[in-house]
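> A structural model of the following input is requested.
(one chain, ligands or ions: 2)
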Amino acid sequence: MTKACIEYFALSCPYDMIQFDDHSILDHGQASPDSEANGSSLSEKKVTVVFVLGECLVPVYSLTSVNNQSWFMGYFLAQLILCSMSKILTDNIVSKELVGELIVKFVLLFSLCGPGSGKGTQCTNIVEHFGYTHLSAGDLLRAEKESGSENGTMIQNMIKEGKIVPSEVTIKLLQRAMQANNNDKFLIDGFPRNEENRAAFESVTRIEPEFVLFFDCSEEVMERRLLGRNQGRADDNIDTIRKRFKVYMESTLPVIEYYNSKGKVRKIDAEKPVEEVFEAVKSVFTPLHEKVKHRSNAPWNISRYRDRWFLWRIKSRQVVYQCCCLGVATLPEISNQI
Ligand SMILES: Nc1ncnc2c1ncn2[C@@H]1O[C@H](COP(=O)(O)OP(=O)(O)OP(=O)(O)O)[C@@H](O)[C@H]1O
Ligand SMILES: Nc1ccn([C@H]2C[C@H](O)[C@@H](COP(=O)(O)O)O2)c(=O)n1
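Ligands and ions are numbered 1, 2, ... in the order given. Modelled structure (predicted):
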């Protein structure tokens, strides 16, 4: 007798890992044939490990004659594959296919404020207090320039002119840094600096920030702080500072307005002393921190894929990782397996 069971195990992976060929992109219906129609019995279940590619499934591993513990077997297999692939995966940048999971997995915040408003200073405090990984787009670009990369000269010139480096360069650096880090909470500072940055990041990663910090500070105060910073930065001179302010007003403010229209901006008076600014920052972060703690306690996530239920679990903190089950199971059956 055949009874409905879970046949398919899905494993998400970065888009770049997928090798497309004629038969690699399967329609879900093809990928998950009805077991009764196949005449297969429980003892001959076929377990297929697939990549989830948006709406498509790409089989990467398939095994027949799994015993009636097929669910657990497939689960186990997927784990093994994950382990063996983890090296390759971690060498790859975060990319499109982190997508759905990332929206749930990562807490992403942007800090979008004027040059010298104190965002770097506050980000350091946020890291210490709330355990975020701070990624400064400006720092990443400066490090890239120092590394002797082929983009070094272009980055140097753009920074010197107070201009914004093309998104593909900055996003790649951000992706690499996120990928290399085990944390699932990122605070990205100085990004997106313009509409191009924002649109490109969202289209590549499909991640939206939980909220956007905006440190409100007058140009006069920002200018004074930048001129007094004394860190030997090539752009801390009055000419470049003025250019940066101009770019900020013309290109970054519209991005802040965009997020504001989505209710995501958290505005903080940044003209106060560092400690007072941080008190205001804390009051913004604390509720989110509580929410995230609660979220990460949930062992399983059950979702609906087309007309089927599947469940998945965040397993590793590096890429995407958890297998989920797709197939002929109904929700109560899946629930019984948990
Ligand atoms: N609330 C504050 N009050 C007084 N000085 C501050 C305050 N916050 C930061 N500073 C000082 O102002 C200078 C600029 O701060 P910081 O580097 O954090 O700015 P930033 O917004 O990250 O600048 P950039 O965009 O150029 O990287 C630093 O010397 C810092 O010590
Ligand atoms: N998304 C970004 C962020 C930074 N840059 C360049 C241009 C900035 O003037 C410079 C310094 O950045 P900061 O340290 O002030 O955040 O880096 C960019 O082109 N794109």
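
> Next, whatever residue of the stretch 151-300 of the chain ends up closest to ligand 2: phi, psi?
In the stretch 151-300 of the chain, no residue comes nearer to ligand 2 than Gly190, which is 2.9 Å away by C-beta to the nearest ligand atom. All C-beta atoms are positioned from the backbone trio N, CA, C, and that covers glycine. When read as degrees, to the nearest 10, the backbone of Gly190 gives phi 80, psi 30.

> now swap in Phe110 and tell me
For Phe110, the backbone dihedrals (degrees, to the nearest 10) come out as phi -110, psi 140.

> any chance you could map the strands in the protein?
Remark: strands assigned in the chain by DSSP state E are 8-12, 45-53, 56-66, 107-111, 133-136, 185-189, 211-216, 265-269, 301-305, 308-312, 323-326.

> coming back round to it: for the residue of the stretch 151-300 of the chain closest to ligand 2, what are its contacts?
Residues in contact with Gly190 (C-beta atoms under 8 Å, 6 or more residues apart in numbering) are 111-112, 119, 136-138.

> Among the residues you listed, which ones lie close to ligand 2?
By C-beta under 6 Å from any ligand atom, the members of the contacts of Gly190 lying near ligand 2 are 136-138.

> Tell me the most packed of the residues you listed, by neighbour count.
Within the ones next to ligand 2 among the contacts of Gly190, most neighbours by other C-beta atoms under 10 Å means Ala137, with 23 neighbours.

> who touches the spatially closest residue to that one that is not a sequence neighbour in this structure?
In space, and not counting its chain neighbours, Ala137 is closest to Phe191: 3.9 Å by C-beta to C-beta, 6 or more residues apart in numbering. Listed by C-beta under 8 Å, 6+ apart, the contact partners of Phe191 are 110, 112, 137, 170, 174, 197, 201.

> let's see it at 10 Å
110-112, 135-138, 140-141, 164, 167, 170-171, 173-174, 197-198, 201, 209, 252, 255 (C-beta atoms under 10 Å, 6 or more residues apart in numbering).

> Likewise for Phe201?
Residues counted as contacts of Phe201 (C-beta under 10 Å, 6+ apart) are 108, 110, 167, 170-171, 174-175, 188, 191-192, 207-209.

> pLDDT wise, what is it at?
At Phe201, the model reports a pLDDT of 86.

> Check Phe186 too.
So, for Phe186, pLDDT stands at 83.

> near ligand 2, which residues of this protein?
So the chain meets ligand 2 at 115, 136-138, 141, 158-159, 162, 164-165, 170, 190-191, 193, 197, 235, 244 (C-beta under 6 Å from any ligand atom).
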